[in-house]
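**Q** Prediction below, plus the sequence it came from.
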Amino acid sequence: MRVLLQQQIKDLQAQPATPRSNRPLARALRDLCKVERACFPHG
């Protein structure tokens, strides 16, 4: 799950930045933060 999200973010960052492509990136980053907090609450 975590690795998959990181790969998604890499793919999104590789794309040219447009307002439309930034939304999924922000969502993926938020999801990753949720996963980080859930898996590593003391990190």
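**A** In hand now; what should we look at?
**Q** Spatially, which residue comes closest to residue 35, not counting chain neighbours?
**A** residue 2 (5.5 Å; Cβ to Cβ, 6 or more residues apart in numbering). C-beta: built from backbone N, CA, C; applies to glycine.
**Q** The one you found is in contact with residue 37, isn't it?
**A** No. Between residue 2 and residue 37 there is no contact under Cβ atoms under 8 Å: 11.8 Å.
**Q** Find residues that contact each of the two.
**A** When contacts are counted by Cβ atoms under 8 Å, 6 or more residues apart in numbering, the set common to residue 2 and residue 37 is empty.
**Q** Looks like residue 35 contacts residue 3 (just checking).
**A** No. Using Cβ under 8 Å as the test, residue 35 is too far from residue 3 to be in contact (10.4 Å).
**Q** More neighbours: these two, which one.
**A** residue 35 (15 against 7; other Cβ atoms under 10 Å).
**Q** for the host helix or strand of that one, packing partners?
**A** Using DSSP states H and E, residue 35 sits within helix 19-39. On a contact count with 3 or more Cβ pairs under 8 Å, 6 or more residues apart in numbering; DSSP states H and E, helix 19-39 meets helix 2-14.
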